[in-house]
Structure formats: structure tokens, C-alpha cells
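> Output the structure for:
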Amino acid sequence: MDYEKILYDVADSGVATITLDDPGTRNALGSQTLGELIAAFGVARDEDRVRCVVLTSSHETVFSAGGSLDGFAAEVPLLEKHIGTAGFPRLFRLIGELGKPTLCAANGHVLAGALGLALACDLIVATEAAAFGTPEIDVGVFPFMIMALIYRNVPRKRTNEMLLLGERMTAREAYEAGIVNKVVPAEQFEAAVAEWAGRLASKSPLMMRLGKDAMFRSQDMPLLDALEYLHHNLTLALSTEDAAEGVRAFFEKRAPEWQNR
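Prediction:
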């Protein structure tokens with residue numbers, strides 16, 4: 001597929017990088033961009049050589065400003081607007097069910113719908129200059145689609161503050177709120193992202209897929225249902241060759257050679 005709003009690349013290490021590349025709109029998440037992201041994540045899911053996906057931006061100061069305000073205000077039928085924003089839940093679900101670890105490299109401001117996109121990823125590394133926020137309420141909208149993701153990552157009262165006041169938080173504040181995993185100076189950012197991505201790509205692809213699926217599916221289960229489901233997953237994992245290889249490699253003090261089965 002030819003992309004116009006994003007870039008897609010796969011390194012020899014197995015790390016796929018999806019780059020938001022529409023600086024003229026501050027990487028606004030319009031219907032075309034959402035469609036290209038869905039396509040790119042689908043390719044990454046289906047390519048065996050891909051072990052990990054990094055999502056980042058080519059913009060110097062903005063990861064993404066969120067949904068396209070032009071699209072929200074356009075004089076088009078309501079059904080067309082509904083269809084135009086359907087890419088958000090599709091994309092969030094695709095990332096959750098990807099079966100491969102995802103790392104958001106927030107090299108700039110992460111705002112509105114982009115915060116949901118970042119939170120859909122497993123890990124977030126941010127530069128010190130990045131800001132995070134849900135400013136929708138200030139322009140007469142509300143962050144409906146991303147509420148589900150924010151409430152699953154951030155304490156409720158802090159989330160209420162974000163949604164109702166529309167204020168931004170610094171990268172450090174986002175770290176303290178549990179939104180961001182790591183905050184690094186700009187000069188250390190690329191190295192920090194590469195180090196984590198390389199570590200993720202070095203793990204057993206099979207176990208990553210089993211683990212990722214279990215993480216996504218068990219998060220909203222009642223406790224007893226989750227325990228039973230995860231018990232079955234553990235039994236399945238212990239039946240794989242990769243589990244046996246990992247244990248052997250540990251005791252033999254060598255790097256494991258994953259068989260992906």
C-alpha cells in the first residue's frame with residue numbers, strides 16, 4: 001500500500017516503525033490517516049519478520065494534535081461524520097489484539113485523540129518537552145472515544161480532571177499519573193526508544209503473542225473468570241518449545257534460540 005500520511009519501515013532487528021508524517025496538519029487523525037494507520041498496523045501484524053512496532057512522529061514538536069477539527073465542523077451528513085470517526089475504535093482494538101508489543105515514542109505533544117492512540121500502545125517513552133492533554137472540551141467537543149482507554153490507565157479522579165478541565169500536563173506529570181513509562185531528555189530519546197524496542201524484539205514471538213492476547217482479553221474480566229482464563233493460558237504456554245528452550249537457555253547461561261512454536 002502507498003501511504004501519504006504516514007511512513008512504514010521494518011529494520012533487520014524486526015522492529016517496525018510507523019511514523020506519523022503529516023506535519024502540515026500537526027499529524028491530525030483524520031479519516032485518511034486513521035485508515036493508513038489501520039493498514040500499517042495490519043501489515044505489521046501479518047508480517048512474520050516484525051517482532052515489535054514503534055509508533056512515532058516526524059514532526060519536531062508534535063506527536064499528534066488529535067482528531068481533525070475540520071472534519072468535526074464540516075457541513076456533511078451526520079452519518080458521514082459517524083463513519084469518519086469509526087477508525088478510532090477499529091485502530092484501538094487492532095493495536096490491542098496485535099499479538100506483538102507496541103511502543104509509542106512520543107517525541108512531541110500528544111493531544112486529544114492522539115492520547116488514546118498512545119495509550120492503546122503497551123509502552124510510552126516521552127521526551128521531556130512533550131505535553132499530554134485532552135483539550136476537546138475547550139472547543140465544544142468531548143473526548144468520548146478515548147475515555148475508555150484513559151480510565152483504564154489513569155486513576156479516576158485524575159482522569160475526571162483531564163476530561164473536564166481540558167488542561168495539559170507535562171511529560172513528568174504524565175509519568176506521575178501513570179500515563180508514561182519513561183521520560184528522557186531529547187538527546188537521549190532515540191537511544192532510549194531503540195533500547196526498549198530491541199529488547200521487546202528479542203523475546204519469543206510466540207510467547208509475546210500469547211501474553212499480549214491474555215493481557216488484552218483478561219483486563220475487563222471478573223477476577224475468578226480471569227484467573228481461570230489465565231490458568232489455561234499458562235498451561236498452553238508451558239506446552240510450547242519456546243518455554244522449554246527459555247528454561248534451558250537460562251540454566252546454560254546462553255541466549256535462547258526461539259523456535260516460535
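
> D213 sits in which helix or strand?
Per DSSP states H and E, D213 falls inside helix 205-218.

> What lies in contact with the very next helix or strand once past that helix?
Where DSSP H and E defines the elements, the next helix or strand beyond helix 205-218 is helix 223-238. Applying C-beta atoms under 8 Å, 6 or more residues apart in numbering, the contact partners of helix 223-238 are 207, 210, 214, 217-218, 221, 243. (Each C-beta comes from the backbone N, C-alpha and C, glycine too.)

> now do stretch 179-198
Against stretch 179-198 from outside (C-beta under 8 Å, 6+ apart): 13, 15, 52, 54, 56, 103, 105-107, 115, 118-119, 123-130, 132, 153-154, 169, 171-172, 174-175.

> Mark which of those residues are buried, thanks.
Neighbour counting by 16 or more other C-beta atoms under 10 Å classes 15, 52, 54, 56, 103, 105-107, 115, 118-119, 123-127, 129-130, 132, 153-154, 169, 171, 174-175 among these as buried.

> Can you pick out the ones from those residues that are in helices?
Judged by DSSP state H, the subset of the buried ones among the contacts of stretch 179-198 located in helices is 115, 118-119, 171, 174-175.

> quick one: which of these is nearest A201?
Nearest to A201, judged by C-beta to C-beta, of those is A118 at 20.0 Å.

> Show me the beta-bridge partners of the residue lying closest to the closest one once chain neighbours are set aside.
What sits nearest to A118 in space, not counting adjacent residues and going by C-beta to C-beta, 6 or more residues apart in numbering, is C104, at 4.4 Å. Counting by DSSP bridges, C104 forms beta bridges with L55, I124.

> Please, where are all the strands along the stretch 1-150 of the chain?
Using DSSP state E, counting those that start in this stretch, the strands found in the stretch 1-150 of the chain span residues 6-10, 15-20, 52-57, 62-64, 102-106, 109-111, 123-127, 131-133.

> could you dump these to a markdown table with mean pLDDT?
Converted to a markdown table, the strands of the stretch 1-150 of the chain look like this (pLDDT from 0 to 100):
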| stretch | mean pLDDT |
| --- | --- |
| strand 6-10 | 98 |
| strand 15-20 | 98 |
| strand 52-57 | 98 |
| strand 62-64 | 96 |
| strand 102-106 | 98 |
| strand 109-111 | 96 |
| strand 123-127 | 98 |
| strand 131-133 | 96 |
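
> Distance to E36 added to those strands, as JSON lines?
As requested, those are exported to JSON lines (distance: least, C-beta to C-beta, whole Å):
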{"stretch": "strand 6-10", "distance to E36": "5"}
{"stretch": "strand 15-20", "distance to E36": "9"}
{"stretch": "strand 52-57", "distance to E36": "12"}
{"stretch": "strand 62-64", "distance to E36": "13"}
{"stretch": "strand 102-106", "distance to E36": "16"}
{"stretch": "strand 109-111", "distance to E36": "19"}
{"stretch": "strand 123-127", "distance to E36": "21"}
{"stretch": "strand 131-133", "distance to E36": "23"}
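
> still on that earlier bit, what number of residues are in the vicinity of the residue nearest to A118?
27 (other C-beta atoms under 10 Å).

> same deal with I150?
21.

> who's in contact with the residue nearest to it when sequence neighbours are not counted?
Spatial nearest neighbour of I150, chain neighbours left out: T159 (5.0 Å); criterion: C-beta to C-beta, 6+ apart. T159 is in contact with 147, 150-151, counting by C-beta under 8 Å, 6+ apart.

> Which residue ranges make up the domains of the chain?
6-201, 205-251 (automatic domain parsing).
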